[in-house]
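> sequence first, predicted model second:
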Amino acid sequence: MDPTRRRLLGGRHPSAAQRYLPPWAGNSQAFLQRCTRCGDCVSACPVGLLALDAEGYPSPQFDQAACSLCGECVVACLPHALDRSEGRAAFAHVAQVGPGCLALQGVECRVCGEACEVTAITFRPQLRALAQPAIDASCCTGCGACAGVCPSHAVALRAPSESVAGE
């Protein structure tokens with residue numbers, strides 16, 4: 001599956017209000033204070049996920065790539081704004097499926113589940129209906145592979161406490 005083909009007609013437009021932090025950035029305030037905006041983590045990212053935002057801070061571009069969780073950005077970060085301590089999650093967000101999901105609208109689509117390497121997204125069979133997506137937040141790494149391939153832009157990355165109502 002080539003995710004760039006799915007973006008051809010969809011035209012990803014990231015929300016200006018949503019600021020995603022690089023992997024292992026932890027607390028946003030601490031990260032913003034330590035980050036020197038040097039761009040070393042951007043250059044070190046082998047998949048091209050990170051780019052400098054309008055303020056010069058590195059930001060994951062989930063519409064362009066998914067995080068491989070390799071940690072090269074952490075190694076390149078000399079001011080230690082990124083911290084890959086033992087047991088620390090890479091991202092503070094998880095995938096959530098919104099009401100625009102094609103499967104929820106009765107259209108067969110499972111691309112998010114196919115893109116999820118850790119199988120955090122599964123499709124539960126329904127009686128006389130299409131299988132519905134279910135996300136196991138405890139397995140989700142927040143890598144963004146599912147959000148980047150969703151043809152209806154229904155998969156979003158949010159803090160586990162955020163709601164998807166009203167999308």
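Cool, got the structure.

> please count neighbours and contacts with C-alpha atoms only from this point.
Fine.

> pLDDT weak spots in the protein?
Scanning the chain with the threshold set as pLDDT under 70 gives 1-18, 161-167.

> quick one: the helices in it, in order.
If DSSP state H is used as the criterion, the helices of the chain fall at 3-10, 28-34, 40-44, 72-76, 111-115, 145-149.

> redo those helices as CSV? Include distance to residue 22 and mean neighbour count.
Listed next are those as CSV, based on distance: least, Cα to Cα, whole Å; neighbours: other Cα atoms under 10 Å:
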stretch, distance to residue 22, mean neighbour count
helix 3-10, 21, 13
helix 28-34, 9, 13
helix 40-44, 9, 19
helix 72-76, 8, 19
helix 111-115, 20, 20
helix 145-149, 15, 27
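
> now tabulate those helices in CSV and tack on distance to residue 19.
Output for the helices of the chain, formatted as CSV (distance: least, Cα to Cα, whole Å):
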stretch, distance to residue 19
helix 3-10, 21
helix 28-34, 10
helix 40-44, 16
helix 72-76, 18
helix 111-115, 22
helix 145-149, 15
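
> out of the ones you listed, which gets nearest to residue 103?
helix 111-115 (10.2 Å; Cα to Cα).

> show me the contacts for the residue nearest the centre of the chain.
Central residue of the chain (Cα atoms, centre = their mean): residue 144, 2.4 Å from the mean position. Taking Cα atoms under 8 Å, 6 or more residues apart in numbering, we find residue 144 in contact with 62, 65, 66, 67, 95, 157.
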